[in-house]
Structures are given as C-alpha cells and as structure tokens.
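Participant: Just the structure for this:
(2 chains)
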Amino acid sequence: MANSAAFEAAQTALERSAGMERWTARGALQLALMDAGLEASNVSAAQMKVVVERLLPKQLQSQKIADIPAVCENVRGALALLGDEPKTDSPDRVFQRLAG
Amino acid sequence: MASVSMLCLVVYTIVSAIVGVRLLVRARGSRGVPELLAGMSYVAAPAVGYPMAIAGSMVHDRTVAVPIYLVGETLLVFGCCCFLFFTVKVFRPSARWAFWIAVVGTLALVWSGVAIVQAYLSSSDTAVITARAKPGLTAMVAVLALSYVWTALEGLRYYRMMRKRMALGLADPVVTNRFLLWTFSGLTSVAWISFSALMLAAGANLATNAANVAVTSAGGIANTVFLLLIFMPPAAYTRWVERTARSGALATV
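Facilitator: Reported below is the predicted structural model:
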C-alpha cells in the first residue's frame, strides 16, 4: 500500500536529521501512528505534525536518538512545506461526507 | 404479529429509501464512489428489492407475481453486492484480499439468487418452493451474515482508531460515534440473520415462524434507528455526543 506524502516526507526528514536507517525511521513513525490511531496511507501533514509533536519523541527515546527536540523540529519543518490535504480518501472522511 | 412485522418492514423500507436517495443525490454532487455504492445498496435492497420480493411471494396471480418477484430478488442481490463493495472501497481500498472476498461474496449471492428464483419458478406450491429454495437461501443467509460480521469488525477497528485520535484532538466525536453505530448496525444484522439461519436449519418457514418474524422485525427497527443516527442524525443527538465527548476529555485531563 502506498504511503501518504506526509508520511514519506516525515520519514525522509527523520532519516536525515536523526541519522536513522530507512526501516528504523519507518518503524518509529509507524509505531507513533499506531498510537495515534492513524494510517500511513492517508495521514495528512496536519495530523502528522501532531504525531511528531506528541508521540514521536517517545519512539525516538526508545531508539536512543540524540537531541530529540531538534530532530522533531526538522521533521515538522519538512511537513510545513507540504500542502495539508492528502489525495487519498479515508474512512473518516467518507463517514463525514455520508451524513454531511 | 404479522401486522407488527409488516409495520416494521414498512418503516425500515421508508427510512432506507430516504437514506438511499439522499446518498445518491450526494454522490451525484461529490462523484464519490462510496456514496454511490451505499446509496444503490439501500435503495436496491431494503427500499425496493426486499418489499417487492415479499409482495411477489404474496400475490396469487402468477402472471403478476413472477415479474414482481424476479425484479425484487434481482435488486435484493444487487444491493447486497453493492454493500460488500462499499466495505472494500471505504475500509480496505488497497487490499487485494478484500476485493477478492467481495468478488467471491458477489458470485455466491448471484448463485443463491438464481437458485431461489429457479425454486420459485418451478412450482406455485409454497411448501415445494420452500424446500427447493433451501440451498440457495442457506447460501444467501451465510454470505449476508459473514458480510455483516465483516462490517461490524471494520467499524469496531476504525472506532478504536478514532478514539485514539480524539485523545489527540484529531477526530470529530460525531464522526467517531458514527463508526460505533456502524458496528452496532452490523452486529444487529448478524444477530437476526443468525437467528434466521438457525430457524432455517430447524426446518421453520422464515416468513410465517412467529419467533423469526419477531426477531427480524426488532432487528429491522433497531437498524432503522442506527441508519437515522448515522446518516441523518438529529441535532439533539449530535449535541449529546459532543457534550459526552467533552466531559470525557475533561475527566481525563
């Protein structure tokens, strides 16, 4: 399943700023998303920013990453460059429309 | 009992028709496939197909009854197939396994529909039709029960995800509640369909058995309430959900 642009941007920024391996960065983000009840396929940049702020630090601590605030700031910066709306539909957007 | 059952059927039919037509109108504007599938499902199966199939089986003149029954059964199967693909499109749009489950379910529903219609066309004796339709009816009841189990599980999975999002301020409590109602709706359908399956296995006539009529009527009324709360929620209910979510959030601060 293809991941959303926000997830890909966060992963790339995390790899660069924390010096993490591709799959480690992906795993840390996936676990943070799972804690937030979100999916990599349709997470938006706005949702990803909240995850980075509130849940990613805990995952990075368990990976023993140095200077976590700076890493999270870099990831948030990468997300700020994206537009907010993901292109894919999601169940919550559909259920919002159905009663609309 | 028969009049209560008929009243429940009429209420469920009317509400399904209103909800279905609203969704189709919405689909025309948004060009959204989920709205189209859900709209076609509610209009074709509970609003038109099911009542036509019931009416067809009650009419004694076969020249009138056969076309009514044929159209009703076809719409019923079509609506159930749309519902399967709604689940795929909304909850598992990229999963190949989900698509193939819907395809297999569709084929099973079409086969069962054809078998039931063949049984109906083969005789005008109700007892003979019931006996001959049993394999098709069993397959249809099994597929429907499984499809509603799937509906309930997907609704529950997403409801739990939405609860986590709510804790982060990332989800609307009213939309979150809709997934819980969707789960309840699926579970209600599983309950009455499973009861019908047991009655069928025990050799009961589903249309005349008092217990079966009572359970399916209650299920129909419960699903009517869920449909209204999901697709056309009254303002008072929406306010209650928001207020409850706010007080829950405050309690956890």
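
Participant: Once you drop chain neighbours, what's closest to residue 55?
Facilitator: If you meant another chain, say so; for now it's chain A. Nearest non-adjacent residue to A:Leu55, counting by C-beta to C-beta, 6 or more residues apart in numbering or on different chains: A:Ala32, 4.2 Å away. C-beta here means a position set from N, CA and C on the backbone, and glycine is covered the same way.

Participant: Chain B, not that one
Facilitator: Closest to B:Ala55 by C-beta to C-beta, 6+ apart is B:Ile68, at 5.8 Å.

Participant: SS state for B:Leu206?
Facilitator: coil (DSSP: H, G, I helix; E, B strand; the rest coil).

Participant: and it, how many neighbours?
Facilitator: 16 (other C-beta atoms under 10 Å in any protein chain shown).

Participant: which other helices and strands contact the helix or strand in which B:Gly220 is found?
Facilitator: Element membership of B:Gly220, judged by DSSP states H and E, is helix B:210-231. Secondary-structure packing of helix B:210-231 (3 or more C-beta pairs under 8 Å, 6 or more residues apart in numbering or on different chains; DSSP states H and E): helix A:91-99, helix B:2-30, helix B:173-201.

Participant: Tell me how far A:Arg76 lies from A:Ala13.
Facilitator: 9 Å (C-beta to C-beta, to the nearest Å).

Participant: contact partners of the helix holding B:Gly220?
Facilitator: With contact meaning C-beta atoms under 8 Å, 6 or more residues apart in numbering or on different chains, helix B:210-231 is reached by A:95, A:98-99, B:1-2, B:4-5, B:8-9, B:11-12, B:15-16, B:19, B:22-23, B:42, B:178, B:181-182, B:184-185, B:188-189, B:191-192, B:195-196, B:199, B:204, B:206-207, B:234, B:237.

Participant: How about the helix or strand containing B:Arg132 and chain A, touching?
Facilitator: Assigned by DSSP H and E, B:Arg132 belongs to helix B:126-167. Yes. Using C-beta under 8 Å from any C-beta of the partner chain, helix B:126-167 reaches chain A at B:Glu154, B:Tyr158, B:Arg160, B:Met161, B:Met162, B:Arg163, B:Lys164, B:Arg165.

Participant: Let's have the residues you listed in TSV, adding pLDDT and distance to B:Ala211.
Facilitator: What follows is the residues of helix B:126-167 next to chain A, written out as TSV (pLDDT from 0 to 100; distance: C-beta to C-beta, whole Å):
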residue	pLDDT	distance to B:Ala211
B:Glu154	97	30
B:Tyr158	97	34
B:Arg160	97	34
B:Met161	97	38
B:Met162	97	37
B:Arg163	96	37
B:Lys164	96	41
B:Arg165	96	42
